[in-house]
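Visitor: sequence first, then the predicted structure:
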Amino acid sequence: MTARSAEIGGTLPVNRVLPTRQLRQIGAWCFLDHAGPARFESGEGMHVGAHPHTCLQTFTWMIEGDVLHRDSLGNEQLIRPGQVNLMTAGRGISHTEDSTDATDRLHAAQLWIALPAHMANADPAFTHYPDLPTWQQSGIDFTLLVGDFADHTSPVEVYSL
């Protein structure tokens, strides 16, 4: 698959792997975005204005940098490297995302997950997960983002796998 490149928030390069004409989604994943890595000059940064979502979850995993999430439910949450923000849009939510003034590098992955039919019009929600299961095996560092693996269970609650 070949990613399409775009720029969001003024200066952040994003490579969108899904969807393509040939492949609309993989399971429940309807968008797969890789943002950055990007470096910002002083006073610059990512600024994504208010925009709506419905019928899906956005799963944001921060790799580098800090981003402030604000939404129409009144949530205001800083996401830092290694953490996950999960926004369940359901019948509708609007949000903004802004890098902090102290952030000069930004790198993240975002999955857009289609909600199953029985959840598509659910109440919107937002959950921040500051601590995910991590371990090292054979000299490799692992982080479990969602689901279960071996003796590890992620606390992130998605409705589609």
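Guide: Thanks, I have the structure now.
Visitor: who's in contact with the residue nearest to the spatial centre of the chain?
Guide: Centroid-nearest residue in the chain: Thr60, 1.6 Å away (criterion: CA atoms, centre = their mean). Contact analysis of Thr60 by CB atoms under 8 Å, 6 or more residues apart in numbering lists 67, 69, 79, 84-87, 108-110. For every residue, glycine as well, the C-beta is placed using N, CA and C.
Visitor: which ones among those residues map onto strands?
Guide: Among the contacts of Thr60, DSSP state E puts 67, 69, 79, 84-87, 108-110 in strands.
Visitor: dump the contacts of Thr60 into TSV; add pLDDT and distance to Asp148 as well.
Guide: As requested, these are exported to TSV (pLDDT from 0 to 100; distance: CB to CB, whole Å):
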residue	pLDDT	distance to Asp148
Val67	95	28
His69	97	26
Ile79	97	23
Val84	97	16
Asn85	98	21
Leu86	97	17
Met87	96	23
Ala108	93	24
Ala109	91	20
Gln110	90	22
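Visitor: any quick PyMOL command for the buried ones out of these?
Guide: Restricted to buried positions by 16 or more other CB atoms under 10 Å, the PyMOL selection for the contacts of Thr60 reads:
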select buried, resi 67+69+79+84+85+86+87+108+109+110
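Visitor: count of neighbours near Ile140?
Guide: 7 (other CB atoms under 10 Å).
Visitor: circling back: secondary structure element for the residue nearest to the centre of the chain?
Guide: strand 56-64 (DSSP states H and E).
Visitor: what lines up beside that strand in the sheet?
Guide: With DSSP bridges as the test, strand 56-64 is paired with strand 84-88 (antiparallel), strand 105-114 (antiparallel).
Visitor: what's the next secondary structure element after the shortest one?
Guide: Put plainly, it is strand 84-88. Per DSSP H and E, the first helix or strand lying C-terminal to strand 84-88 is strand 93-99.
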